[in-house]
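> Need coordinates for the following:
(one chain, ligands or ions: 1)
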Amino acid sequence: MSEPEANRAGTLEMAAALRYSIRPKDPAAHLYEVKLTVEKPDPHGQVFAMPAWIPGSYMIRDYAKHVVSICAESDGLAVELSKLDKSRWQAAPTQRPLTVTAEIYGYDPSVRGAHVDTSHAYFNGPCVFLSVAGQEDTPCELEISPPTAAYARDWRVATAMRRKDAELYGFGKYEADDYAELIDHPVEIGHLLIGEFDVNDIPHTIAIRGHTRVDIARVCHDLQRVCAQQMKLLGVPEDLDRYLFLLHAPGKAYGGLEHRWSSSLVCARENLPLRRDSDISDGYRKFLGLVSHEYFHLWNVKRMKPAAFTPYDLTKEIHTGLLWVFEGITSYYDDLALVRSGLISPQSYLELLGQTITRVLRSAGRLRQSVEESSFDAWTKFYKQDANASNAIVSYYTKGSLIALALDLKLRLETEGKTTLDDVMRECWKRWGQEGEGMPERGLEHVAAKLSELDLSDFFDATVRGTGELPLPALLSAHGVRYHLRCAGGSEDKGGKPAEKNNEPGPWLGATLEANNGNSIFTVVMNGGPAELAGVAPGDAAVALDGLALTAANCDRLLSTYRDGDALELVVFRGDELITTRVKLANAPKNTCYLRLDDDASEAASNRCDAWLQVS
Ligand SMILES: [Zn+2]
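Numbers count the residues shown, from 1 in each chain. The predicted model follows:
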């Protein structure tokens, strides 16, 4: 993390700030112009680099590929730049201040990218700012300028970067302690809807891009409760003096990326509440869970990190087996904060938990890959999923969150409530968050064992390093919650609820059919399922089942007319070749979970439940 204050002050005196500037140069062509002036370049030839990845998203993205043109000058004279490799350039030696100017293409609308068009501009630092070799710790200044076009007249700026010489939400100069901080502040520029609220006297802002219709007062009120709940768990970090949520709400999307003082969120427009809405829709609950997730990251991964990430090396993949701690435990606390803050009911929370259990049970990859392996190989497997992913890999998010749940309930049960996962997280935060050292690979396990005085090695061997099933039915039962399994009631059934009446599930094919450009394509084919046994492969286009057209839309209904064991003719296209085969239908597995508060639970179990969910 950041170096001690004494050293930092010394560095500040020695180095003149790196001066960056950015402006949307040609929004219609999606081009930014970025300048960087280095007062004291390396006299042997200054090296510059673009990051290969952005913290929080574990995939090599090679942001240098978006550099359209680049040149350098000093005292008004051109300085030669040589390309060293895919991400680095070196300037010819000069003793004088050196300015590099780059044109950068920005048309990636994701929370990890840079995007600019005639309606707005949004960028992440790794997509647009070069680093200066040898001056990674030098303070940075950033001047943000508007495009010259008339449509940008009312545009404003939202970023958590410290203002140096700019009005609130204005263009002008901003500053950061070093390059790592510079690139940890995403910036949104455009027509912004802004809401403000305080959490423990710390100013929080939500800036929503575009003309989104939303009940902003209600959103601020609910976000305040979520943030206050998370803050209660781990306390206020010393340097948290502000926080910003950047939100984009298009027709359909979902995602987020965490930062130290802010987060970027994307959710579907219809998930946000309008003035007349008063209840919490499933979509709004999902949005609140997303907010809660990214906010929890301000502790868990932005300030407390795996040792392997301190500091980040943005030139190549960095491996850690701990993403299940930093994403999985964050995923556990995201929805938990909603029920603990009273925003959703315990039953609503159990519905979300049932959906998560269902997602894990439906992925046979959980029996092949451990969450430690999934974390380690995130770069090439979780982030680069192929059609076999569900058979071969496990999500360190979903299974990680269930490990956190199982660990929490196990600690509560076996220590009679003396030690909980909350205590473990607080102790980890004290050791590796506040002190700024990275968490060793088995750090959390050691803290959990020490605090609880339990031997947890079998638990972690089985659930984190192994592919053992989680002992959730018994643990939930001891907390007054009944665990039920049933068959899926069709392809839209996400679990979390009992089966709908009159929806007797039919046999299954063991494959997912999706509509695609007028065709129905088999996307996932499960190992050992009827479709695979019949020779169906991912990418095959469905044609007919038992002489009738088979489509993504009619598949559930068609199957419900048959029984387990029926052998039917199945016709598919593989490319332009027609394949006719026979498929033997089987009963769908009971892999859909729902949880219910147990009315007959013992008093002890009910009390444990109340302590866990913090309801009284
Ligand atoms: Zn996350």
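> Tell me the secondary structure at the residue nearest to Ser21 when sequence neighbours are not counted.
By the measure of C-beta to C-beta, 6 or more residues apart in numbering, the closest residue to Ser21 outside its immediate chain neighbours is Glu143, 4.1 Å from it. From N, CA and C alone the C-beta is placed, and that goes for glycine too. Three-state call for Glu143 (DSSP: H, G, I helix; E, B strand; the rest coil): strand.
> ok, Glu143 touching Gly172?
Yes - with contact defined as C-beta atoms under 8 Å, Glu143 reaches Gly172; the gap is 6.8 Å.
> circling back to that earlier point, who does the residue nearest to Ser21 form a beta bridge with?
Bridge pairing for Glu143 (DSSP bridges) gives the partners Ser21, Lys173.
> For it, give its distance to Val157.
According to C-beta to C-beta, to the nearest Å, Glu143 and Val157 sit 11 Å apart.
> higher neighbour count, the two?
Per other C-beta atoms under 10 Å, whichever of Glu143 and Val157 has more neighbours is Val157, with 23 against 17.
> Following element in sequence after the helix or strand encompassing Ile403, please.
Assigned by DSSP states H and E, Ile403 belongs to helix 398-414. Where DSSP H and E defines the elements, the next helix or strand beyond helix 398-414 is helix 421-428.
> Restricting to C-alpha, output that following helix in PDB.
The C-alpha trace of helix 421-428 is given here as PDB (Å, rounded to 0.1, in the frame of the first residue of the first chain):
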ATOM      1  CA  LEU A 421     -17.000 -14.000  10.600                       C
ATOM      2  CA  ASP A 422     -17.500 -10.400  11.500                       C
ATOM      3  CA  ASP A 423     -14.800 -10.800  14.200                       C
ATOM      4  CA  VAL A 424     -12.500 -12.500  11.800                       C
ATOM      5  CA  MET A 425     -12.900  -9.700   9.200                       C
ATOM      6  CA  ARG A 426     -12.300  -7.100  11.900                       C
ATOM      7  CA  GLU A 427      -9.100  -8.800  13.000                       C
ATOM      8  CA  CYS A 428      -7.900  -9.200   9.400                       C
END
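> could you give me the average pLDDT of that helix?
In this model, helix 421-428 has a mean pLDDT of 98.
> what distance separates that helix from the centre of its chain?
Computed by C-alpha atoms, centre = their mean, to the nearest Å, the chain-centroid distance of helix 421-428 equals 22 Å.
> And the strands in the stretch 251-400 of the chain?
Applying DSSP state E, counting those that start in this stretch to the stretch 251-400 of the chain gives strands spanning 254-258, 262-267.
> and Gly528, helix, strand or coil?
coil.
> okay, now the closest residue to it other than its chain neighbours: neighbour count?
Once flanking residues are discounted, Gly528 sits nearest to Gly510: 7.3 Å by C-beta to C-beta, 6+ apart. Gly510 is flanked by 22 other residues according to other C-beta under 10 Å.
> circling back to that earlier point, pLDDT at the residue nearest to Ser21, what is it?
98.
> Burial check on the spatially closest residue to Leu322 that is not a sequence neighbour, number of neighbours?
Nearest residue to Leu322, sequence neighbours excluded (C-beta to C-beta, 6+ apart): Pro306, at 4.4 Å. When counting by other C-beta under 10 Å, one arrives at 22 neighbours for Pro306.
> who's in contact with the longest helix that the chain contains?
Scanning the chain for the helix with the most residues, using DSSP state H, yields helix 216-234. Applying C-beta atoms under 8 Å, 6 or more residues apart in numbering, the contact partners of helix 216-234 are 193, 195-200, 204, 206, 208, 243, 245, 272-273, 277, 288, 291-292, 295-296, 299, 333, 337-338, 340-343, 422, 425-426, 429, 433.
> residues touching Arg285, list them.
Contacts of Arg285 by C-beta under 8 Å, 6+ apart are 338, 344, 348, 352.
> what do you get if the cut-off is 10 Å, keeping everything else the same?
Neighbouring residues of Arg285 by C-beta atoms under 10 Å, 6 or more residues apart in numbering: 271, 279, 335, 338, 343-344, 348-349, 351-352.
> What is the burial count for Pro123?
For the record, residue 123 is Phe, not Pro. There are 26 residues near Phe123, going by other C-beta under 10 Å.
> Tell me the confidence at the closest residue to it other than its chain neighbours?
In space, and not counting its chain neighbours, Phe123 is closest to Ala114: 3.9 Å by C-beta to C-beta, 6+ apart. With respect to pLDDT, Ala114 scores 98.
> these two touch, right, the residue nearest to Leu322 and Ala378?
No - Pro306 is beyond contact range of Ala378, at 11.7 Å (criterion: C-beta atoms under 10 Å).
> Common neighbours of those two, please.
Between them, Pro306 and Ala378 share the contacting residues 319-320, 323, judged by C-beta under 10 Å, 6+ apart.
> Throw those into CSV and include distance to Leu81 and neighbour count, thanks.
Formatted as CSV, the shared contacts of Pro306 and Ala378 follow (distance: C-beta to C-beta, whole Å; neighbours: other C-beta atoms under 10 Å):
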residue, distance to Leu81, neighbour count
His319, 32, 15
Thr320, 35, 21
Leu323, 37, 23
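> Just to be sure, which of the residues you listed are found in helices?
If you go by DSSP H, the shared contacts of Pro306 and Ala378 have Leu323 in helices.
> Against Lys410, how distant is the residue nearest to Leu413 when sequence neighbours are not counted?
In this structure, Leu413 finds its nearest non-sequential neighbour in Ala478, 5.2 Å apart by C-beta to C-beta, 6+ apart. Distance, Ala478 to Lys410, using C-beta to C-beta: 9 Å.
> Now render the strands of the stretch 251-400 of the chain as a markdown table, adding mean neighbour count.
Output for those, formatted as a markdown table (neighbours: other C-beta atoms under 10 Å):
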| stretch | mean neighbour count |
| --- | --- |
| strand 254-258 | 19 |
| strand 262-267 | 24 |
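> just so I know, which of these lies nearest Thr415?
The closest of these to Thr415 is strand 254-258. By C-beta to C-beta, the value is 31.1 Å.
> Walk me through which strands the closest one pairs with, and which way each runs.
Strand 254-258 pairs in its sheet with strand 262-267 (antiparallel), by DSSP bridges.
> hmm, back to that, in terms of model confidence, name the weakest of the contacts of Arg285.
Asp279 (91).
> thought that one was touching Ser345?
No - counting by C-beta under 10 Å, Asp279 stays clear of Ser345, with 11.1 Å between them.
> would you list every one of the helices in the stretch 51-200 of the chain?
Per DSSP state H, counting those that start in this stretch, the stretch 51-200 of the chain carries helices over the ranges 125-128, 179-182.
> and among these, the most buried is which?
Sort the helices of the stretch 51-200 of the chain by mean neighbour count, taking mean count of other C-beta atoms under 10 Å, and helix 125-128 sits at the top with a mean of 25.
> follow-up on the earlier one: which residues are in contact with both of Glu143 and Gly172?
Counting by C-beta under 10 Å, 6+ apart, the residues touching both Glu143 and Gly172 are 164-166.
> Among those, which one has the most neighbours?
The most crowded member of those, judged by other C-beta under 10 Å, is Ala166 (19 neighbours).
> ok, it - contacts?
Neighbouring residues of Ala166 by C-beta under 10 Å, 6+ apart: 142-144, 157, 159, 172-175.
> Ala380 contacts Ser374, correct?
Rather than Ala, residue 380 is Thr. No - with contacts counted by C-beta under 10 Å, Thr380 stays clear of Ser374, the gap being 11.1 Å.
> Pick out whichever of these two has more residues nearby.
Neighbours per residue (other C-beta under 10 Å) separate Thr380 from Ser374, with Ser374 holding more: 25 against 12.
> would you list every one of the helices in the stretch 251-400 of the chain?
Here the stretch 251-400 of the chain has its helices, by DSSP H, counting those that start in this stretch, at 282-296, 323, 329-340, 346-361, 371-376, 389-392, 398-414.
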